[in-house]
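Student: this is a predicted model, with the sequence first.
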Amino acid sequence: MLRVKHADSPSVAHSQPNRRFVSTLLGGLTASLTAGLYVSPVTAQSAQAAPIALKEMTVSATRGERRIDEVPASVTVITAETIEREGARDLKDIFRNELDVTVPVGPTRFSNAGTSAGRAGNEGVNIRGLGGNQVLMLIDGIRVPNGFSFGSFQTGRGDYLDVDGIKSVEVLRGPASTQYGSDGLAGAVSFQTLNPSDLYKQGTAGGGFLRTGYTSIDRSWSSTLGLGGTSGSWQGMILGSFRLGHQTINQGSNDVKNLERTSPNPVDYNNRYLLAKAILTINPHQQLGLTFESQRRTQSTEVYSARAIPPYRPFSTIGFSTKDRISRDRVSFEHRYSDLSAPFIQKSETRIYWQDAQVNQFATEARYRARERTRDNTYQARVIGLATQFESNLSRGLDQRLAYGLDWSQANIQGVRDGTIPPYGGVFPDKPFPDTVYTLSGAFLQSEIELGNVTITPGVRFDYYRIEPSAATSTATSTASSAARPDQINGRSGYQPTTTDGNAFMPRLGVVWSLHPMFAPYAQYAQGFRAPTPDQVNNGFRNLASGYTSIGNANLKPEYADSLEIGIRGNNQTFNYSLSGFDNRYKNFISQEIVGGLGRPSNPTIYQYVNLTNAHIQGLVAKANWRIHKDWGLETGFAYLKGDSTLRGKKQPLNSIQPLNVLLGLRYDRENWGARANWLWSAGKSPTRIAESSPEQFAPPAYGTLDLGMFWKPQANITLNANVNNLFNTQYWRWSDVSGLANNSAIKDAYTAPGRNIQLSIRVDF
C-alpha cells in the first residue's frame, strides 16, 4: 500500500488490487547458440574444469551475497572478463547480448530550440519495457544521478560511469523498491567497482595490469593502468583510464551539411577516469575502506544537421556547435563486519558517502542576418548519504536468516539555463525549477526461511521522501507561471513552488522450491514505487512569445508497480536453463500534459506534470547453456514482451516495449585461446504495436547480425582480444533508438545502427 501526503493537501491512500497472473508459460526453448562461459584472463582457469552451472553470486536480489539459483527473481551477472572480452566501450555495449535489457542512444541531431535527439548520450537502461529514471542504477550501492529533460536540455545517466573500473554488473528484473526504495520500479542495475585484491595474485605483495585497445565504431583509443598491493593489514589500489574517440558510425551516406544529412555529425570526445581505494583490516572480523572515484567526459559536436537548407531566411541557423561536459566525483567510507559465530549479528556493512555530479551543455548558434546566440545549461546533483545493513542467522526451531537496515540520502539539486539572446520576454539566467533539497530515507526488513528444500523470502520496506525548494529561488521561479489564468489550472488559483513529502510501504514475497537440481520452480510478488522528482513537482517556465508556459504540481503522486513473476530453473555440470513469465502492472505514470490555455501570449498553453498513464507489461524470457564437449559450448535465449498503456481511458501499445529477440551462438574455449560466434535476431516492430502518433511512427523491419570474437594468450600474463561485430555489414535500425522517428522521414538512415566494425585490445598482467 502506498500513502502519499503533501504539505498543502490532505493525505491520499491507495490500496493495491489483487490480480491473477495471466501470462502463460510456454513450453520448449528455442534451439540456439551464443557466447557461453568466459574464462578469466587473470585467473587463467582451465575451460575443461569449468562446468556450466548457475554458480554466479548476486548481491542486488537480497542485499546479501547469494547464489543466483537461490533467489526468487531473475538476475544476470556480467563480469569484468566478459566486458573485456567483448570490447565494451560503454553501457550500451555491456548489454549488447541481454535480450530484455536495452540502452537507448539516439544520433547526435540536436538543435538549439528544436529536437534534443542524442543530446543525452547513453540515456539509461530499459528493463523489460521501462527505462530512464524508472530503473534504479547504483555504483557500489550509491545512486547514479537521475536523468533530466527540459526542452533541448537533456541529460542521460549512462555517461556518469566508466566501464574500465567495473568488476561486475548485476541486472535485477522486477521492482527493487523493497530492497532499495524509490526508483526501482522496473528493476535495478548494480555496478561494483574493482577492489585491490582483484589486481594482484594471492600470496604476492602486489600486481596490476596494463590494457590498451582500439575500436573502429568510433575510432577510439583507450588505455587503462591498474596497480594494487598489500602490506600488513593494509590493501590499496589505484586505477586510471583514458579514452579518446569520435562520432559513432552509422550507415547513412548523405554528407551534406544541413537538415538532410544522414551521416553522423562530427564528434570529438575524451573520457578520463580515476579509481582509488584503501582497505584496513582491523582484525579477522572487521575492515575499514575508503574509496575515491572521479570521472570527466568532454564532447564537442559540430551539428551540421541543425543547419537550414539554402536559400536562407532571416534567423535561419547556418552554424551550430556544442561542447558538453560531464563530471562525477565520489568519496565513500565503509565499515564491514563478519563473524559467523557471533550470537546475534553475524554480518554488517555501513557506508557513508558524498557524490557530486554535474552536466554542462554549451551551444553556439550562428544565424543568417541575426546575432549569434548561445546557450549555457547546467544540471547538478550533490548528495550525501548513509546506508547500513545487518544480517542475523536464527536457528531456534526455524532455519531463518534476517537482513535489515536503513538508508538515507539528501541531494541538493540545481538547474540553470543561461546564455545570450534569451527567448522573447525571457531573462537569463533562469531556472527550470528552484534549487531543491531532495531527501530519501527508508528502513527494510527481509527474512529468508528454509523449510527443507523450500525457501520463503518475505520482505517489507517503509520509505519517506521530501522535496524542499529553496525559498531564495522559489520566488523567481514562480513568476514563470504568472501568466496562467486561474481557471485553467485544474481549479487552482495559481502555483507557487512548495514543499512536498510522502511515504510508501512496499511488501515482497518470494518462494524457491529446490525440488531437483534440474527442476527448481520459483515465484515472487513485489511492489515498487518511484517518488516524483523536484523538476516535476516544481517545474516553472514561460515563453509568452511562443504562447506556452509550464507550471508545477504539488499534488503529484508517486508512480508504483505491482509485479508477479513465476519461473523454473535447473542446472548440472553440462546444462542449465531458466524460464520465467512475468506480469507487471504500473499506475500513476508521470507525464507532462497540456492542462489549459489557447496558445496565445495573452492566454498561453499550460504544461504540467500530472499522474495519468497506467501500463500493463507481460513477457516470457528463456535462457539455456549446454556444454556439448569439454571445449565446446552452446547457449540460447529469447525474450518476448508485450505492453500497453492507458491514458484518459484510451488503451494503446507502450512504445518502450522491444520486439521479440533471439540470441544464437557457439563458443570454443581452451586454456590459452578461444573463439565465439553470436547471432542476434530481432523481429520487426509491428505497426499495430506502436502508439498512434502524427505523423505515423517508423516501424523498423526485422534484422539479424553476426558477431565474431576470439582471445589468445601467447603467455600466461598476456591476453589479446579481437572482435568483429555485424560481420555481414547489415543495415538495420534498433527500435530503442528510433522511437519518435516519422515513417515518412527522409533521414531514416541517420538512425541506422553501426555497420561492420572491429575491436582490438591487449592486456598485460604483472
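Tutor: Ah, there it is. Note that the coordinates shown come from a computational prediction; the quantities given were computed from them, not determined experimentally.
Student: number of nearby residues for I282?
Tutor: I282: 12 surrounding residues under other CB atoms under 10 Å. All C-beta spots, glycine's among them, are computed from the backbone N, C-alpha and C.
Student: what's the neighbour count on the residue nearest to it when sequence neighbours are not counted?
Tutor: Computed as CB to CB, 6 or more residues apart in numbering, the closest residue to I282 that is not its neighbour in sequence is L288, at 6.5 Å. Residues near L288, counting by other CB under 10 Å, number 13.
Student: state the mean pLDDT of the helix or strand where L288 lies.
Tutor: Assigned by DSSP states H and E, L288 belongs to strand 286-302. Averaged across strand 286-302, pLDDT comes to 97.
Student: strand partners (parallel or antiparallel) of that strand?
Tutor: The strands that strand 286-302 pairs with in its sheet are strand 267-283 (antiparallel), strand 317-338 (antiparallel) (by DSSP bridges).
Student: could I get the ones you listed as TSV with distance to L451?
Tutor: Listed next are those as TSV, based on distance: least, CB to CB, whole Å:
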stretch	distance to L451
strand 267-283	36
strand 317-338	26
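Student: out of those, which is closest to D159?
Tutor: For those, distance to D159 was read as CB to CB. The smallest value, 5.4 Å, belongs to strand 317-338.
Student: give the next helix or strand downstream of the closest one.
Tutor: Downstream of strand 317-338, the next assigned helix or strand under DSSP H and E is strand 347-367.
Student: sheet-wise, list the partners of that following strand with their directions.
Tutor: Under the criterion DSSP bridges, strand 347-367 sits next to strand 317-338 (antiparallel), strand 370-394 (antiparallel) in its sheet.
Student: can you give me the buried ones in that strand?
Tutor: The neighbour-count check on strand 347-367 (16 or more other CB atoms under 10 Å) flags 347-351, 353, 355-365, 367 as buried.
Student: now tabulate the strands paired with strand 286-302 in CSV and tack on mean pLDDT and distance to A742.
Tutor: Shown next, in CSV, are the strands paired with strand 286-302 (pLDDT from 0 to 100; distance: least, CB to CB, whole Å):
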stretch, mean pLDDT, distance to A742
strand 267-283, 97, 24
strand 317-338, 97, 21
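Student: which of the ones you listed sits closest to L727?
Tutor: Across the strands paired with strand 286-302, closest to L727 is strand 267-283 (CB to CB), at 25.3 Å.
Student: dump that closest one to CSV, keeping only the CA atoms.
Tutor: The C-alpha trace of strand 267-283 is given here as CSV (Å, rounded to 0.1, in the frame of the first residue of the first chain):
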residue,chain,number,x,y,z
VAL,A,267,32.2,14.5,-32.7
ASP,A,268,35.4,14.6,-30.6
TYR,A,269,35.3,13.2,-27.1
ASN,A,270,37.6,12.2,-24.3
ASN,A,271,36.8,10.4,-21.1
ARG,A,272,39.1,10.3,-18.0
TYR,A,273,38.5,8.1,-15.1
LEU,A,274,40.3,7.5,-11.7
LEU,A,275,39.5,5.0,-9.0
ALA,A,276,41.5,4.7,-5.8
LYS,A,277,40.8,2.5,-2.7
ALA,A,278,42.4,1.8,0.6
ILE,A,279,41.3,-1.0,2.9
LEU,A,280,42.5,-1.6,6.5
THR,A,281,41.9,-5.0,8.2
ILE,A,282,41.4,-4.2,11.9
ASN,A,283,41.0,-7.8,12.9
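Student: now do the same for A50: its pLDDT.
Tutor: On pLDDT, A50 comes in at 40.
Student: sorry, that was for G36
Tutor: 31.
Student: again, but for M137
Tutor: M137 carries a pLDDT value of 95.
Student: ditto for P107
Tutor: P107 carries a pLDDT score of 92 in this model.
Student: now for it: which residues touch it?
Tutor: Counting by CB atoms under 8 Å, 6 or more residues apart in numbering, P107 touches A117, G118, N250, P264, N265, D737, A750, Y751.
Student: name the nearest residue to the fourth one, sequence neighbours excluded.
Tutor: The shortest distance from P264 to any residue that is not its chain neighbour, by CB to CB, 6+ apart, is 4.0 Å, and that residue is Q247.
Student: on that earlier part again, look up which residues are beta-bridged to the residue nearest to I282.
Tutor: L280, H335.
Student: hang on, it packs against H335?
Tutor: Yes: using CB atoms under 8 Å, L288 is in contact with H335, at 5.7 Å.
Student: just to revisit the earlier point, in a markdown table: the strands paired with strand 347-367, plus distance to R96 and mean neighbour count.
Tutor: Shown next, in a markdown table, are the strands paired with strand 347-367 (distance: least, CB to CB, whole Å; neighbours: other CB atoms under 10 Å):
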| stretch | distance to R96 | mean neighbour count |
| --- | --- | --- |
| strand 317-338 | 22 | 18 |
| strand 370-394 | 28 | 18 |
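Student: I'd like those strands as JSON lines, with distance to N744 appended.
Tutor: Output for the strands paired with strand 347-367, formatted as JSON lines (distance: least, CB to CB, whole Å):
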{"stretch": "strand 317-338", "distance to N744": "23"}
{"stretch": "strand 370-394", "distance to N744": "30"}
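Student: can you tell me how far the residue nearest to P264 is from Y404?
Tutor: Using CB to CB, to the nearest Å, Q247 is found at 49 Å from Y404.
Student: with L509 instead?
Tutor: From L509 to Y404 the distance is 17 Å (CB to CB).
Student: please apply the same query to P701.
Tutor: P701 is 51 Å from Y404, where distance means CB to CB.
Student: how about A186?
Tutor: Here A186 is placed at a distance of 25 Å from Y404 (CB to CB).
Student: which one's more surrounded, the two?
Tutor: Between A186 and Y404, A186 has the larger neighbour count (other CB under 10 Å), namely 29 against 17.
Student: isn't that one right up against N133?
Tutor: No: under the criterion of CB under 8 Å, A186 makes no contact with N133, lying 10.1 Å away.
Student: residues in contact with stretch 724-731?
Tutor: Here stretch 724-731 makes contact (CB under 8 Å, 6+ apart) with 217, 251, 703-709, 752-759.
Student: just the buried ones from the contacts of P107?
Tutor: A117, G118, N250, P264, N265, D737, A750, Y751.
Student: tell me which two of these sit farthest apart.
Tutor: So for these, where distance means CB to CB, the most widely separated pair is N265 and D737, at 15.4 Å.
Student: remind me which residues of this protein are low pLDDT?
Tutor: 1-55, 114, 396-398, 472-495 (pLDDT under 70).
Student: can you do 50?
Tutor: Counting by pLDDT under 50, the chain contains low-confidence residues at 1-54, 475-494.
Student: list the buried residues of the strand holding L288.
Tutor: Neighbour counts over strand 286-302 (16+ other CB under 10 Å) mark Q287, G289, T291, E293, S294, Q295, R297, Q299, T301, E302 as buried.
Student: show me where this structure has helices.
Tutor: Along the chain, counting by DSSP state H, helices occupy 80-85, 91-94, 177-180, 471-478, 534-537, 735-738.
Student: may I see the buried residues of the second one?
Tutor: Right, helix 91-94. For helix 91-94, burial by neighbour count (16+ other CB under 10 Å) applies to L91, K92, D93, I94.
Student: quick one, what contacts the residue nearest to I282?
Tutor: With contact set as CB under 8 Å, 6+ apart, L288 has these partners: I279, L280, I282, F333, E334, H335, R336.
Student: so the fourth one makes contact with E349?
Tutor: No: between F333 and E349 there is no contact, the gap being 11.8 Å when judged by CB under 8 Å.
Student: kindly reformat the helices of the chain as CSV containing distance to T374.
Tutor: Formatted as CSV, the helices of the chain follow (distance: least, CB to CB, whole Å):
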stretch, distance to T374
helix 80-85, 38
helix 91-94, 30
helix 177-180, 40
helix 471-478, 21
helix 534-537, 23
helix 735-738, 29
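Student: among those, which is the most enclosed?
Tutor: helix 177-180 (a mean of 28; mean count of other CB atoms under 10 Å).
Student: tally of neighbours for G174?
Tutor: For G174, the neighbour count with other CB under 10 Å is 30.
Student: that one - nearest residue in space that isn't next to it in sequence?
Tutor: Excluding the flanking residues, the one nearest G174 by CB to CB, 6+ apart is S563, at 4.9 Å.
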